[in-house]
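Trainee: Make a model of this:
(chains A, B, C, D, E and F)
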Number of protein chains: 6
Amino acid sequence: MNHLEMAAGRSGGATQIPYYQSIGGECALFQHAFEQRLPLLLKGPTGCGKTRFVQHMAARLDRPLYTVACHDDLTAADLTGRFLLRDGETQWVDGPLTRAVREGGICYLDEVVEARKDVTVVLHPLTDDRRLLPLERTGEQLQAPDDFMLVVSYNPGYQHILKALKPSTRQRFVALAFDFPPPEQERDIVARESGLDTPRATALVNLAARLRALKGQDLEEGVSTRLLIYCGSLIQAGVPVLEAARATLVEPLTDDADVQAGLLEALRATFGED
Amino acid sequence: MNHLEMAAGRSGGATQIPYYQSIGGECALFQHAFEQRLPLLLKGPTGCGKTRFVQHMAARLDRPLYTVACHDDLTAADLTGRFLLRDGETQWVDGPLTRAVREGGICYLDEVVEARKDVTVVLHPLTDDRRLLPLERTGEQLQAPDDFMLVVSYNPGYQHILKALKPSTRQRFVALAFDFPPPEQERDIVARESGLDTPRATALVNLAARLRALKGQDLEEGVSTRLLIYCGSLIQAGVPVLEAARATLVEPLTDDADVQAGLLEALRATFGED
Amino acid sequence: MNHLEMAAGRSGGATQIPYYQSIGGECALFQHAFEQRLPLLLKGPTGCGKTRFVQHMAARLDRPLYTVACHDDLTAADLTGRFLLRDGETQWVDGPLTRAVREGGICYLDEVVEARKDVTVVLHPLTDDRRLLPLERTGEQLQAPDDFMLVVSYNPGYQHILKALKPSTRQRFVALAFDFPPPEQERDIVARESGLDTPRATALVNLAARLRALKGQDLEEGVSTRLLIYCGSLIQAGVPVLEAARATLVEPLTDDADVQAGLLEALRATFGED
Amino acid sequence: MNHLEMAAGRSGGATQIPYYQSIGGECALFQHAFEQRLPLLLKGPTGCGKTRFVQHMAARLDRPLYTVACHDDLTAADLTGRFLLRDGETQWVDGPLTRAVREGGICYLDEVVEARKDVTVVLHPLTDDRRLLPLERTGEQLQAPDDFMLVVSYNPGYQHILKALKPSTRQRFVALAFDFPPPEQERDIVARESGLDTPRATALVNLAARLRALKGQDLEEGVSTRLLIYCGSLIQAGVPVLEAARATLVEPLTDDADVQAGLLEALRATFGED
Amino acid sequence: MNHLEMAAGRSGGATQIPYYQSIGGECALFQHAFEQRLPLLLKGPTGCGKTRFVQHMAARLDRPLYTVACHDDLTAADLTGRFLLRDGETQWVDGPLTRAVREGGICYLDEVVEARKDVTVVLHPLTDDRRLLPLERTGEQLQAPDDFMLVVSYNPGYQHILKALKPSTRQRFVALAFDFPPPEQERDIVARESGLDTPRATALVNLAARLRALKGQDLEEGVSTRLLIYCGSLIQAGVPVLEAARATLVEPLTDDADVQAGLLEALRATFGED
Amino acid sequence: MNHLEMAAGRSGGATQIPYYQSIGGECALFQHAFEQRLPLLLKGPTGCGKTRFVQHMAARLDRPLYTVACHDDLTAADLTGRFLLRDGETQWVDGPLTRAVREGGICYLDEVVEARKDVTVVLHPLTDDRRLLPLERTGEQLQAPDDFMLVVSYNPGYQHILKALKPSTRQRFVALAFDFPPPEQERDIVARESGLDTPRATALVNLAARLRALKGQDLEEGVSTRLLIYCGSLIQAGVPVLEAARATLVEPLTDDADVQAGLLEALRATFGED
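Mentor: I've put the predicted structure just below:
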């Protein structure tokens, strides 16, 4: 059984720490929460850097990171572990949450509202002062060590009623709100990740501001920093600007012909007819 | 197979008893119910101290404590036990309720309304004068010893119709209503648990009163004592007051921008602009 | 594999027969139904003594009693039996209904409307003149002996449409309606079970009449005889009267603040301010 | 593995044939359908004698009878068979339908509309001229012998839309409608089965006519012949007439107090105040 | 493991080919589709001869036929195969679709709209020019041989929205619409299959036309050719004409008393009062 | 365990590359996305050539292709792998996505919106800069090699709300919109694939334009290029033109008699009465 070993989370020196550009006091607050043994909740839109932030902090704190993308069918057993049949008998295999508790690592549950309710409830004894992980099926009750930390995230933009976190869960977390980075920082991130020059990165970020203004009216969600990087990468690779922008900033956002027309107009206003 | 052994529940002398500040006659009533062999139902909001109260009483009565956080997928088998495959044949493994009955301990089902209906029905023969736990799958019928006690809790604040306890279940319990502690007691709890000095703990408790007044209108549930302790811990660790308050008393409570603005105003009114 | 052996059901002499105070002709009718090999349906509210009545009759008739608390997830297999893996092969293990049929005992299905539909249908061939229990999975078809009897119960108070018994099931049973006992009898029961003296038991029964009058308007169901016994036990143990009454006759009945106020007023009118 | 052997179905001589009083040409039609190898559908209310009729015909035709009470959770595998683990490998065990096909018996599916859709579809190749039972899981395809017959029944009274038989299923059966027997015949049946004398049996049948007239207005379904027999048996055993009638002709039919009052009035009009 | 061997599908000479009376060019079109390796969709009402047509063509083309009656619980695994436990390890067993692909036979999915969605999607790679059957669980990807053909059918009469075939599935098939045969042909079929003489077969077919005219108003579906054959068989066996017609042309079509009265009137108009 | 080896995907020289006629810059964009290690989303109607395009590109890039047709019951385990019982113990077997990641191939998920939510979430860590495939059940975390590429497709035409891709998924892909090819290209494709001569292929393509104009009013989706090829193949095989057109361009598109009449009129206008 191989253990989950995130390249980033396990690495040693500072040169290995994944790039993350701090916006405000979020790095300090993460560190305080870690030291106070408090669980952390990250809120923010798609592709704004939450996952990268957690990778960055795990590396800075030199703790292994266990990331779990939550979904409708994720059950408590996927987190805590299950019995498998080996050598003719059932044998317990730890899940990622249990491994993080045993080793003292950071467990990051991405899009936690997507998980089934039994997942959020299994987190309760870990997120009050008991810091316990009861494994009902083995009869164990693990006491989390001081360097264990639980981080969860969700996107408040499309949380619907059936999927909202209950107050009894939310009120167990210190919470941090994320948003897309301010223009200068986003420009630097796009340039750094895609290799695009500064003027064209600036143009992309300006375009993003115009597209994000359409959110709520015509678009379910504004264009993400990630898509700007995709666009920059394709342009840098030689794809014509308008074609790259269409494939990364229009088609991934909507299927509606009218909304597409509006987006294309914004594209042409930015980059010209070619 | 390790047995569940709560550090608190199993511990011996009075020095090990978890801190709990009694509000009214709840400790005496718990003890009477235990002695009369009556099951107990605790009602109250998130984070007001129900779990701590049960830990405290279990230690005082020197009984092991088996805590189960209930959820949508918790079935009777998770409580009573199941057959697992060992050495090529199925072998019965007791669940936490069965263990508490066999040993004479306290079984605490947190948020019992979240459990599936078969869970509440499995409790019925244990909660009338028979005090029996029938294990249909093994054919056993356990008679609970005198020092077994069943305690359940739920939060009446967001009990919805589909999840309400049926009268035929509720009427099997002696019931106790909990609420947040009175200001002086809450101040002492916050100070004791976070290490904050009394004046700042008092300010936090006053702020809590203001925020709790918004419940029902703008907030699904008022701020819990637990979050006040989180806030105190971060302030004590050096996080700026407003930043700590935002991360513990605003972001965990709501995603609504307007409601957040109202909460932030209350914060600034309490702590000033910095 | 231990067989279910109810202390009461298996016991020999009359001194062991559980206390039950007959109201009308229900004991005679039960005996006639038993002798005519007819199945019996008991209807009545929570905590009025249906279960005790069945225990009493099983002891009088000297038949073992198999009680099953029905619920949403109870399947036919939980009643009839299932294959378990033993020594590397599947082995059949009888359920409680099958055991009652094989031995000639009384099988009592409490809250039968809660069970899944396959449960009620598995009862059909047992409840007409064939008196057969087909075990589809083993290929057996058991002929019930003359001293087998099936008893089911439900609470008509909160039977909703989805959960009603179909006419094709109901019309297979002789049926008996239960209600709370008349005041003098209830007083004797409360006094006997709680140890309370007669005047205070009388006061509790009078109070119960007042509280039951609120049923349908403010309360889903009236206070049960069982809760009166709980109240008497706590008072007898030294709990102040109003505190005992609040914990047993108010909090278990409702979470509604207004309804609670009305109930408390009735309490104070009965017991004075202290 | 014991085979299903219905006492009635397997029995030899005519003296063993279960009592059934023919109303019209139903016995002849059953026999023709059997000889023409056509499947048969019986329609009719609860407790009017459909099951007894099938038992009677199976005995007359000297074929084994396999009766299956259908329900929501009955799957095709319950009828056709399944693999069980024996001696360390999976072994196929025939279900009742497969046994009837292999041996040439009568398979009777009671309340067929209750079964899941896969059950009705598995019947399709058996109910056209192919008369095949494909066992997908073993890869067999059984050809039904000439003395195999499929009989199904349902109660048109409470067939709702979700549970109706599809035309593509119904149109595969020869169909017969049943109703309660005419008064003289019902009187003879009640007298014969309960031991009651003719005048009192006549009174019961007259009462039944009055109660059945309430169907649709106040009662979901009229009182069945079976309940009349129950009533007669209790009266014959010494239960007072009104008490017996209440327990068999009122309580099993309704929980509604007003409707009960109407039924009791009809009872008193028939039997006097007793 | 026995292979599915349809008597018809496997048989050799022309004398063994099941009787089918061609209406138009359907036999030629089937043959062209087979030769062009195109999948075929048959549409038409209950009991009009779709299954017989496929049996006939399979025999003419001398290909084995694998028929699967689809239903709500039919999954892709029922078609493609599954792992079973044999001799202590899991062993793959082909389903009927996989067998047809391996051997080059005709796989006929009757009432394909009833199957679960995963079934229709598993057909996609088989129904474009790739003609592939990917077996995800074994890792195989089977290339269908030239003499494999897929035929599916459904009844457009009661296809409802949730069960309609998606365009992306429908557009993968050559499609043929079926209806009841023209009067002369239907007369011949009824006479041949039931043994009835021509005048009476003609009368039945004329009656069918009158009954089919009621479809949509009072009847969900018109009377099928199959039911006419049933009726003829019973008459031929000596059942009185009106009784036979009632059991085959009225009761199987409706439970509604008014509609039954209308159908009976049409019967009497055809056959007289008998 | 056989590996999935697509004939096309594995083949070597250019002569083996499946025919695909490029419309615009789609081949270049696919290649850029592959080189930049960006995942690709294809949008477009049924049968317009998306699958062929992916086969073509996989062959050009000389990468193995793993195609998965998504459906309601497709779970993450079907993509990533599962434990199977072999030689008395559970053994891990890679799914197609895991194989593509290990070998560096192209994994193509057709109709990705049909898959269950856990499938789309399992794609998340593969579709950001981490390019990781976490296998929770084995504890492995695979780093995708540079020559791994993920391609997904869906048909925006009948994406309904419950099945739409979430923005957090969509915004992880570079996206390309497909449509039916322009008339000259479609004519060449039809002629090439069916063997039909150019004039008749032209007539079919003109007819298609007329039929596609009905989309949205009367037809859920326009006729696909694939159906035009089917029609051409049947005509080429000797089926009369109108009969071939009816079986390929009318019956597969609709069951509605009125719409069929309109389509047939368009057919006759194109091909004359014969």
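
Trainee: show me what contacts the residue in the stretch 101-250 of chain A positioned nearest to chain D?
Mentor: For the stretch 101-250 of chain A and chain D, the shortest gap (CB to the nearest CB) falls at A:Arg137, measuring 22.6 Å. Every C-beta, even on glycine, is put in place using the N, C-alpha and C of the backbone. A:Arg137 is in contact with A:Ala77, A:Gly81, A:Arg82, A:Phe83, A:Trp92, B:Val93, counting by CB atoms under 8 Å, 6 or more residues apart in numbering or on different chains.

Trainee: For these, which PyMOL command selects only the ones that are buried?
Mentor: Per 16 or more other CB atoms under 10 Å in any protein chain shown, the buried members of those correspond to this PyMOL selection:
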select buried, (chain A and resi 81+82+83+92) or (chain B and resi 93)
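
Trainee: Show only the entries of the contacts of A:Arg137 found in helices.
Mentor: A:Ala77 (DSSP state H).

Trainee: ok so, going back, could you check how far the residue of the stretch 101-250 of chain A closest to chain D is from A:Val93?
Mentor: Remark: distance between A:Arg137 and A:Val93 (CB to CB, to the nearest Å) = 11 Å.

Trainee: Give the burial count for A:Gly238, as a bare number.
Mentor: 9 (other CB atoms under 10 Å in any protein chain shown).

Trainee: Help me confirm that it comes into contact with F:Leu29.
Mentor: No - here A:Gly238 does not reach F:Leu29: they are 10.9 Å apart, not a contact under CB atoms under 8 Å.

Trainee: re earlier: overlap in contacts, A:Arg137 and A:Val93.
Mentor: A:Gly81, A:Arg82, A:Phe83.

Trainee: and those, which of them are in strands?
Mentor: Counting by DSSP state E, these place A:Gly81, A:Arg82, A:Phe83 in strands.

Trainee: interface residues of chain A facing chain C?
Mentor: Within chain A, no position is near chain C by CB under 8 Å from any CB of the partner chain.

Trainee: middle-most residue in chain A, spatially?
Mentor: Against the mean C-alpha coordinate of chain A, by CA atoms, centre = their mean, the closest residue is A:Thr51 at 3.2 Å.

Trainee: what's across from the closest residue to that residue other than its chain neighbours in the sheet?
Mentor: In space, and not counting its chain neighbours, A:Thr51 is closest to A:Asp110: 6.4 Å by CB to CB, 6 or more residues apart in numbering or on different chains. Beta-bridge pairing of A:Asp110 under DSSP bridges involves A:Ala69.

Trainee: Please list all residues in contact with A:Asp110.
Mentor: A:Lys50, A:Thr51, A:Thr67, A:Val68, A:Ala69, A:Cys70, A:Ser153, F:His124.

Trainee: Among the ones in strands among the shared contacts of A:Arg137 and A:Val93, show me the least confident.
Mentor: For these, the model is least confident at A:Phe83; its pLDDT is 78.

Trainee: what's the neighbour count on the nearest residue to A:Asp188 once chain neighbours are set aside?
Mentor: Sequence neighbours aside, A:Gln21 is the residue nearest to A:Asp188 in space, at 6.8 Å (criterion: CB to CB, 6+ apart). Counted with other CB under 10 Å, the neighbours of A:Gln21 add up to 14.

Trainee: hang on, the earlier thing: to which secondary structure element is the residue of the stretch 101-250 of chain A closest to chain D assigned?
Mentor: Element membership of A:Arg137, judged by DSSP states H and E, is empty: it is in no helix or strand.

Trainee: Same check on the one 5 residues further on?
Mentor: A:Leu142 is part of strand A:140-143, with elements assigned from DSSP H and E.

Trainee: name the helices or strands packed onto the next helix or strand after that strand?
Mentor: Toward the C-terminus, strand A:140-143 is succeeded by strand A:149-154 as the next helix or strand (DSSP H and E). Contacts defined by 3 or more CB pairs under 8 Å, 6 or more residues apart in numbering or on different chains; DSSP states H and E place strand A:149-154 against strand A:40-43, helix A:50-60, strand A:106-110.

Trainee: pLDDT averaged over the first one - what is it?
Mentor: Right, the one you point to is strand A:40-43. In the prediction, strand A:40-43 has an average pLDDT of 94.

Trainee: Output it in PDB with nothing but the alpha carbons.
Mentor: The C-alpha coordinates for strand A:40-43 follow below in PDB (Å, rounded to 0.1, in the frame of the first residue of the first chain):
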ATOM      1  CA  LEU A  40     -10.100  26.300   8.300                       C
ATOM      2  CA  LEU A  41     -12.800  27.000   5.700                       C
ATOM      3  CA  LEU A  42     -11.900  28.600   2.400                       C
ATOM      4  CA  LYS A  43     -14.700  30.200   0.400                       C
END
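
Trainee: Relative to the whole chain's centre, how far out is that strand?
Mentor: Between the centre of strand A:40-43 and the centre of its chain there are 10 Å (CA atoms, centre = their mean, to the nearest Å).

Trainee: helices and strands around it, which ones?
Mentor: helix A:50-60, strand A:149-154, strand A:174-177.

Trainee: can you rerun that using 10 Å?
Mentor: helix A:26-35, helix A:50-60, strand A:106-110, strand A:149-154, strand A:174-177 (3 or more CB pairs under 10 Å, 6 or more residues apart in numbering or on different chains; DSSP states H and E).

Trainee: Break chain A into its domains for me.
Mentor: Chain A breaks down into these domains under automatic domain parsing: A:6-177, A:183-271.

Trainee: possible to save these as TSV with distance to C:Leu196?
Mentor: As requested, these are arranged in TSV below (distance: least, CB to CB, whole Å):
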stretch	distance to C:Leu196
domain A:6-177	39
domain A:183-271	65
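
Trainee: lowest-confidence stretch among these?
Mentor: Of all these, mean pLDDT reaches its minimum on domain A:6-177 (a mean of 83).

Trainee: So stretch A:221-232, near chain F or not?
Mentor: Yes - residues of stretch A:221-232 contacting chain F under CB under 10 Å from any CB of the partner chain: A:Glu221, A:Gly222, A:Val223, A:Ser224, A:Thr225, A:Arg226, A:Leu227, A:Ile229, A:Tyr230, A:Cys231.

Trainee: Thank you kindly, that will do.
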